[in-house]
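> Sequence first, then the predicted structure:
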Amino acid sequence: MDLEELQTLFSQLTHFKQNRFHPLVWINGEPEIGENVYIGGLSEVNATGARVVIGDNCDIASFVSINCADSHKQCIGLSNQVDRKDITIEAHVFIGSHSVIKGGAHIGHHSVVAAGTIVDGVTIPPYSLIVGNPMQVKPGYYLSKIPQVQDDHDSP
(Lines give C-alpha, C1' and ligand atoms only; values in the text may rest on other atoms or scores of the structure.)
Protein backbone atom coordinates (compact mmCIF):
# COMPACT_ATOMS: atom_id res chain seq x y z
CA MET A 1 0.00 0.00 0.00
CA ASP A 2 1.37 3.42 -0.86
CA LEU A 3 0.90 6.67 1.05
CA GLU A 4 -1.96 7.88 -1.13
CA GLU A 5 -3.88 4.63 -0.63
CA LEU A 6 -3.37 4.89 3.14
CA GLN A 7 -4.68 8.46 3.19
CA THR A 8 -7.69 7.52 1.08
CA LEU A 9 -8.53 4.57 3.35
CA PHE A 10 -8.06 6.69 6.48
CA SER A 11 -10.43 9.33 5.11
CA GLN A 12 -12.99 6.66 4.23
CA LEU A 13 -12.80 5.13 7.71
CA THR A 14 -13.10 8.50 9.46
CA HIS A 15 -14.71 11.83 8.62
CA PHE A 16 -11.28 13.49 8.38
CA LYS A 17 -10.49 14.82 4.94
CA GLN A 18 -7.22 14.22 3.14
CA ASN A 19 -4.58 16.86 3.68
CA ARG A 20 -1.14 17.93 2.48
CA PHE A 21 0.64 17.30 5.76
CA HIS A 22 0.45 13.65 6.81
CA PRO A 23 -2.06 10.87 6.14
CA LEU A 24 -2.83 10.67 9.86
CA VAL A 25 -3.36 14.39 10.55
CA TRP A 26 -6.95 15.08 11.49
CA ILE A 27 -8.30 18.34 10.09
CA ASN A 28 -11.87 19.39 10.75
CA GLY A 29 -13.49 22.56 9.47
CA GLU A 30 -11.61 24.99 7.27
CA PRO A 31 -8.49 26.19 9.07
CA GLU A 32 -6.34 28.79 7.31
CA ILE A 33 -2.88 27.25 7.14
CA GLY A 34 0.06 29.19 5.71
CA GLU A 35 2.94 28.17 3.50
CA ASN A 36 5.84 26.00 4.58
CA VAL A 37 3.96 24.57 7.55
CA TYR A 38 4.73 21.10 8.92
CA ILE A 39 2.14 19.18 10.92
CA GLY A 40 3.22 15.83 12.35
CA GLY A 41 1.27 12.61 12.38
CA LEU A 42 -1.61 12.04 14.77
CA SER A 43 -2.05 15.76 15.32
CA GLU A 44 -5.46 17.41 15.18
CA VAL A 45 -6.58 20.80 13.89
CA ASN A 46 -10.23 21.40 14.73
CA ALA A 47 -11.65 24.57 13.18
CA THR A 48 -15.29 23.51 13.16
CA GLY A 49 -17.40 26.53 14.02
CA ALA A 50 -14.52 28.95 14.62
CA ARG A 51 -11.63 30.58 12.79
CA VAL A 52 -8.28 28.86 13.18
CA VAL A 53 -5.26 30.51 11.56
CA ILE A 54 -1.77 29.00 11.39
CA GLY A 55 0.84 31.36 9.95
CA ASP A 56 3.67 30.62 7.54
CA ASN A 57 6.74 28.61 8.56
CA CYS A 58 5.22 26.94 11.61
CA ASP A 59 6.42 23.55 12.82
CA ILE A 60 3.80 21.51 14.64
CA ALA A 61 5.07 18.24 16.04
CA SER A 62 3.19 14.95 16.27
CA PHE A 63 0.36 14.36 18.76
CA VAL A 64 -0.58 18.06 19.00
CA SER A 65 -4.19 19.14 19.44
CA ILE A 66 -5.22 22.57 18.13
CA ASN A 67 -8.86 22.54 19.11
CA CYS A 68 -11.29 25.46 18.98
CA ALA A 69 -14.03 23.47 20.74
CA ASP A 70 -14.62 22.81 24.43
CA SER A 71 -17.60 20.65 25.39
CA HIS A 72 -17.03 20.23 29.13
CA LYS A 73 -19.84 22.62 30.15
CA GLN A 74 -22.26 20.87 27.81
CA CYS A 75 -21.23 17.48 29.16
CA ILE A 76 -22.02 18.35 32.78
CA GLY A 77 -25.20 20.28 31.98
CA LEU A 78 -23.99 23.87 32.41
CA SER A 79 -24.56 24.72 28.75
CA ASN A 80 -26.63 23.49 25.85
CA GLN A 81 -23.85 23.93 23.32
CA VAL A 82 -20.18 23.36 22.68
CA ASP A 83 -18.08 26.46 23.39
CA ARG A 84 -16.02 27.49 20.33
CA LYS A 85 -13.37 30.20 20.14
CA ASP A 86 -10.96 31.36 17.43
CA ILE A 87 -7.28 30.40 17.52
CA THR A 88 -4.40 32.30 15.92
CA ILE A 89 -0.88 30.97 15.64
CA GLU A 90 1.30 33.59 13.99
CA ALA A 91 4.26 32.83 11.69
CA HIS A 92 7.42 30.99 12.80
CA VAL A 93 5.88 29.23 15.79
CA PHE A 94 7.13 25.84 16.97
CA ILE A 95 4.69 23.62 18.88
CA GLY A 96 6.20 20.63 20.64
CA SER A 97 4.80 17.13 20.73
CA HIS A 98 1.78 16.34 22.92
CA SER A 99 0.83 20.01 23.36
CA VAL A 100 -2.72 21.34 23.41
CA ILE A 101 -3.73 24.73 21.98
CA LYS A 102 -7.13 25.70 23.36
CA GLY A 103 -9.79 27.94 21.86
CA GLY A 104 -9.11 31.64 22.33
CA ALA A 105 -5.33 31.23 22.14
CA HIS A 106 -3.34 33.78 20.14
CA ILE A 107 0.36 32.89 19.95
CA GLY A 108 2.70 35.61 18.74
CA HIS A 109 5.27 35.00 16.01
CA HIS A 110 8.66 33.40 16.69
CA SER A 111 7.38 31.68 19.82
CA VAL A 112 8.01 28.16 21.09
CA VAL A 113 5.47 25.97 22.83
CA ALA A 114 7.42 23.32 24.74
CA ALA A 115 6.40 19.67 24.48
CA GLY A 116 3.45 18.75 26.67
CA THR A 117 2.29 22.32 27.25
CA ILE A 118 -1.38 23.22 27.48
CA VAL A 119 -1.87 26.71 26.05
CA ASP A 120 -4.89 28.49 27.48
CA GLY A 121 -7.13 30.88 25.54
CA VAL A 122 -4.99 33.98 26.08
CA THR A 123 -2.81 36.27 23.98
CA ILE A 124 0.89 35.44 24.09
CA PRO A 125 3.38 38.07 22.84
CA PRO A 126 5.89 37.36 20.04
CA TYR A 127 9.24 35.65 20.81
CA SER A 128 7.80 33.90 23.88
CA LEU A 129 8.60 30.54 25.40
CA ILE A 130 5.51 28.79 26.75
CA VAL A 131 6.07 25.78 29.01
CA GLY A 132 4.17 23.44 31.27
CA ASN A 133 0.77 22.73 32.70
CA PRO A 134 -0.38 25.10 33.98
CA MET A 135 1.42 27.07 31.32
CA GLN A 136 4.09 29.61 32.14
CA VAL A 137 4.86 32.31 29.58
CA LYS A 138 8.32 33.81 29.30
CA PRO A 139 7.62 36.87 27.09
CA GLY A 140 10.45 37.93 24.79
CA TYR A 141 12.53 34.85 25.64
CA TYR A 142 13.74 34.54 22.02
CA LEU A 143 13.89 38.26 21.20
CA SER A 144 17.64 38.61 21.76
CA LYS A 145 18.46 35.11 20.48
CA ILE A 146 17.32 35.55 16.87
CA PRO A 147 20.08 37.37 14.90
CA GLN A 148 17.77 39.23 12.49
CA VAL A 149 15.71 40.62 15.35
CA GLN A 150 18.87 41.71 17.14
CA ASP A 151 20.03 43.53 13.98
CA ASP A 152 16.62 45.25 13.58
CA HIS A 153 16.74 46.53 17.17
CA ASP A 154 20.34 47.75 16.79
CA SER A 155 19.51 49.80 13.67
CA PRO A 156 18.84 53.53 14.17
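In hand now; what should we look at?
> separation between the residue positioned nearest the centre of the chain and E35?
For the chain, I66 is the residue whose C-alpha lies nearest the centre (Cα atoms, centre = their mean; 4.4 Å). Applying Cβ to Cβ, to the nearest Å, the value for I66 to E35 is 18 Å. Every residue, glycine included, has its C-beta placed from N, CA and C.
> cool, S97 as well?
23 Å.
> Please say which of those two ends up with more neighbours.
Set side by side, S97 and E35 show more neighbours around S97, with 15 against 9, by other Cβ atoms under 10 Å.
> Now that one: closest residue in space, sequence neighbours ignored.
With sequence-adjacent residues excluded and distances taken as Cβ to Cβ, 6 or more residues apart in numbering, S97 is closest to A61, at 4.0 Å.
> since we're on that neighbour, how many residues are nearby?
Using other Cβ under 10 Å, A61 is surrounded by 18 other residues.
> Would you check that it makes contact with S43?
Yes - at 7.4 Å, A61 counts as touching S43 under the criterion of Cβ atoms under 8 Å.
> D59 is in contact with I95, isn't it?
Yes - in this structure, D59 is within contact of I95 by Cβ under 8 Å, at 7.2 Å.
> Distance of V64 relative to V113?
In this view, V64 and V113 are 9 Å apart by Cβ to Cβ.
> Also K145?
To V113, K145 is 16 Å away according to Cβ to Cβ.
> out of these two, which sits in the busier spot?
Shown here are K145 and V113; by other Cβ under 10 Å, V113 has more neighbours (27 against 11).
> Could you give the bridge partners of that one?
V113 has the following beta-bridge partners by DSSP bridges: I95, I130.
> which residues does it contact?
V93, F94, I95, G96, S99, I101, I107, V119, I130 (Cβ atoms under 8 Å, 6 or more residues apart in numbering).
> For D70, which non-adjacent residue is closest in space?
Leaving aside its sequence neighbours, D70 sits nearest to D83 (Cβ to Cβ, 6+ apart; 4.6 Å).
> The one you found against C75, yeah?
No - using Cβ under 8 Å, D83 is not in contact with C75; the gap is 11.1 Å.
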